[in-house]
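A.B. asks: Sequence plus the predicted model coming up.
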Amino acid sequence: MNRTALFLVSGLIATPALAQDFVDEPGPGIVIDGVSVKGHARVYDYRHWHSDNQPYPTQDPGDRHDTRGTAIGGDLIVESGSWRGFSGGLSLYTQQALVGYDNENSSLAAHVTHLGEAHLRHQSSLSRITVGRQLMDTPFANGDMYTMLPRSFQGISGALAFGDSGAIQQKKNSSPFEFSVLAPFADEPKQGGPEVKLYAARMTRYESRFDSDFSNENRYSSGLHQVNPQVPLATPGLFTAGIQYAQSLAAGELMARFWVYNFFDYANLQFVEAGYQAPAITGGVKPYVRLQYLHESDTGAGYAGKVHATYAGIKAGVKYKNADVAVVFEHAPRHVGTFRNGGLVHPYSDLSGVLYDDTLVTGLEDLGPGRAIGVQLDYSPSKSFTITTKYVHYVADYGTNGELYGYDGPAFFAGKGLDSGLVPGQSSHEWDLTATCHLGAVASALKGLTVSDDVGLRSGVGGRNTYAVNRVRLVYSY
């Protein structure tokens, strides 16, 4: 174990912290001469049974494709004080495999340390400009952190915020310049004028969740290069811009956002979402509805071939005190002759929860085209304990028996699981259950400690073996 990992683990007995969320929020940390230091120490264990619904008919039926990974690590976040609006920031992330297994889970098998952030920032009351290595939290370019390491980016970004910035805060004490992948309604809004946020970024390099170095590749370039050596590994990166609106009125809460992306030489994407949440009715119930739509086409050299994707979704539900119940639906029609006959190209995000049907290991963004319908329940019986469960039924117009991440089959679908071609109208379903407990509420000596367990079961796909996932996470925020 290297010195970085030892330092992060030492935080387990050294420093107080706040509670953890799915995207872990750091604790208050410490401040020395204007410099703040905070972060997390982590122990993760990930187990897969019949990974990606394997074995397939072309594989050894005796190989269950069970994998496991156990790792220790965390992150250290350092932010300088401000001088005439200028400040700097660094964040170091590390993941060190703790136990060796015969069949390693690749998500945690590697020894990885990377400098996720190293930036210079200027901030005023209305604007924030950041140059260098930084994290992003936009719908289709984000940290997407389900391992110990986030996806990080290198380039320049700018944000503007104006209006009633206190009207709807997405996270308590969050900066008015920060964006949220999920852009939720506020739990306790105050009525007032609109809150408007603008954002733009040009990123030239990124660091994946599994690497120690920044590169000018993306999620697709290596796989497509293997299929077609004429596709270069290097890409020019991305440009994105977005506007987000939120307001709380006597008649209810409103939200809307519009984002555009240019994934250079791959695809142009436009994404719009709008929602309304009614005031509390009988028993404190708040009905709500959200709608989303995206359109994507090829651009530049078109290394993913012709791209034409149109996804539409609806999420309708009710909030009641400490519970949220919703029905979700997503649809992506066929566009034959394009990338995956209407599939989505998303080089810098994956199953981040932006599309309403996303589950732990499945989503129309990787399965599509097709349709999905499901139900989701979020329940917090106390401030220290949260349960989320979600069930989604999928119908893929072109099934691949559970393998999603290759590009060597017809129309750039994954070919590994195919025995006699793509499967028309292949049905599958996934059930997820996540439980999170903030242990500090149980005993003050455990303040800052959070334990979470994510369980996912994906079945169907032509009767292939059930793909089971279990992710246990112990996090200390300091």
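C.D. replies: Perfect, I can see it now.
A.B. asks: Tell me where the stretch 51-200 of the chain has strands.
C.D. replies: Per DSSP state E, counting those that start in this stretch, the stretch 51-200 of the chain carries strands over the ranges 67-79, 86-99, 112-123, 127-134, 137-138, 141-142, 152-163, 195-207.
A.B. asks: Same check on the stretch 351-478 of the chain?
C.D. replies: Using DSSP E, counting those that start in this stretch, the strands found in the stretch 351-478 of the chain span residues 370-382, 385-399, 423-438, 449-460, 467-477.
A.B. asks: Can you add distance to residue 177 and give the strands of the stretch 51-200 of the chain back as TSV?
C.D. replies: Any C-beta I mention is one placed from the backbone N, CA and C, and that applies to glycine too. TSV is the format used below for those (distance: least, Cβ to Cβ, whole Å):
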stretch	distance to residue 177
strand 67-79	14
strand 86-99	13
strand 112-123	7
strand 127-134	4
strand 137-138	11
strand 141-142	16
strand 152-163	4
strand 195-207	7
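A.B. asks: Take those strands and lay them out in CSV including distance to residue 57 and mean neighbour count.
C.D. replies: Output for the strands of the stretch 51-200 of the chain, formatted as CSV (distance: least, Cβ to Cβ, whole Å; neighbours: other Cβ atoms under 10 Å):
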stretch, distance to residue 57, mean neighbour count
strand 67-79, 21, 22
strand 86-99, 33, 20
strand 112-123, 35, 18
strand 127-134, 45, 19
strand 137-138, 40, 22
strand 141-142, 36, 24
strand 152-163, 39, 20
strand 195-207, 36, 20
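A.B. asks: Residue 438 is nearest to which of these?
C.D. replies: Nearest to residue 438, of all those, is strand 67-79, at 17.4 Å by Cβ to Cβ.
A.B. asks: model confidence over that closest one, on average?
C.D. replies: What strand 67-79 shows for mean pLDDT is 95.
A.B. asks: 480 is where my numbering starts, stick with that
C.D. replies: New numbering, starting at 480: the last item is strand 546-558.
A.B. asks: For residue 819, see how far away residue 619 is.
C.D. replies: For residue 619, the distance to residue 819 (Cβ to Cβ, to the nearest Å) stands at 16 Å.
A.B. asks: hang on, the earlier thing: the strands of the stretch 830-957 of the chain: which one's closest to residue 537?
C.D. replies: Each of the strands of the stretch 830-957 of the chain was checked against residue 537 via Cβ to Cβ, and the shortest separation belongs to strand 902-917, namely 14.3 Å.
A.B. asks: The closest one - which strands sit beside it in the sheet, and in what orientation?
C.D. replies: Sheet pairing of strand 902-917 (DSSP bridges) gives strand 864-878 (antiparallel), strand 928-939 (antiparallel).
A.B. asks: Reformat those as TSV; add mean neighbour count and mean pLDDT.
C.D. replies: As requested, the strands paired with strand 902-917 are exported to TSV (neighbours: other Cβ atoms under 10 Å; pLDDT from 0 to 100):
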stretch	mean neighbour count	mean pLDDT
strand 864-878	20	97
strand 928-939	20	96
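A.B. asks: so can I have CSV of those showing distance to residue 762?
C.D. replies: Converted to CSV, the strands paired with strand 902-917 look like this (distance: least, Cβ to Cβ, whole Å):
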stretch, distance to residue 762
strand 864-878, 21
strand 928-939, 30
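A.B. asks: burial of residue 671, as a residue count?
C.D. replies: The number of residues packed near residue 671 is 15, by other Cβ atoms under 10 Å.
A.B. asks: Backbone torsions only: list them for it.
C.D. replies: Phi and psi for residue 671, reported as degrees, to the nearest 10, are phi 180, psi -170.
A.B. asks: quick one: it from residue 578, how far?
C.D. replies: In this view, residue 671 and residue 578 are 52 Å apart by Cβ to Cβ.
A.B. asks: Which of the strands paired with strand 902-917 sits closest to residue 587?
C.D. replies: Distances from residue 587 to each of the strands paired with strand 902-917 were compared by Cβ to Cβ, and the smallest falls on strand 928-939, at 13.7 Å.
A.B. asks: From one end of stretch 654-669 to the other, what's the distance?
C.D. replies: Between the opening and closing residues of stretch 654-669 we find a distance of 17 Å, counting by Cα to Cα, to the nearest Å.
A.B. asks: show me the residues around the nearest residue to residue 850 once chain neighbours are set aside that make contact.
C.D. replies: The shortest distance from residue 850 to any residue that is not its chain neighbour, by Cβ to Cβ, 6 or more residues apart in numbering, is 4.7 Å, and that residue is residue 810. Contacts for residue 810 (Cβ atoms under 8 Å, 6 or more residues apart in numbering) come out as 790-792, 843, 849-851.
A.B. asks: ditto for residue 722
C.D. replies: Residue 722 makes contact with 675-678, 736-737, according to Cβ under 8 Å, 6+ apart.
A.B. asks: let's go with 10 Å and repeat that
C.D. replies: Residue 722 makes contacts with 639, 675-679, 735-739, as judged by Cβ atoms under 10 Å, 6 or more residues apart in numbering.
A.B. asks: who's residue 788 bridged to?
C.D. replies: With DSSP bridges as the rule, residue 788 is bridged to residue 775.
A.B. asks: How about residue 930?
C.D. replies: Here residue 930 shows beta-bridge partners residue 916, residue 953, assigned using DSSP bridges.
A.B. asks: Might one say that it is in contact with residue 919?
C.D. replies: No - the pair formed by residue 930 and residue 919 falls short of the contact definition of Cβ atoms under 10 Å, at 11.2 Å.
A.B. asks: Now do the shared contacts for these two.
C.D. replies: Contact criterion Cβ under 10 Å, 6+ apart; no residue bridges residue 930 and residue 919 by contacting each.
A.B. asks: sorry, back to before: out of the strands paired with strand 902-917, the one nearest residue 697 is which?
C.D. replies: Between the strands paired with strand 902-917, strand 864-878 lies closest to residue 697; by Cβ to Cβ that is 23.1 Å.
A.B. asks: hang on, the earlier thing: closest one to residue 802 among the strands paired with strand 902-917?
C.D. replies: Closest of these to residue 802 is strand 864-878, at 9.7 Å (criterion: Cβ to Cβ).
A.B. asks: and the closest one, C-alpha only, in CSV?
C.D. replies: Taking C-alpha atoms only, strand 864-878 is exported to CSV below (Å, rounded to 0.1, in the frame of the first residue of the first chain):
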residue,chain,number,x,y,z
PHE,A,864,-31.1,5.5,6.6
THR,A,865,-32.2,5.5,2.9
ILE,A,866,-33.6,2.7,0.7
THR,A,867,-34.0,3.0,-3.0
THR,A,868,-35.5,0.2,-5.1
LYS,A,869,-36.2,0.2,-8.9
TYR,A,870,-37.6,-2.3,-11.3
VAL,A,871,-37.5,-1.8,-15.1
HIS,A,872,-38.7,-4.0,-17.9
TYR,A,873,-36.8,-3.6,-21.2
VAL,A,874,-37.5,-4.6,-24.7
ALA,A,875,-34.5,-4.2,-27.1
ASP,A,876,-35.4,-4.1,-30.7
TYR,A,877,-32.0,-5.7,-31.3
GLY,A,878,-31.0,-8.0,-28.4
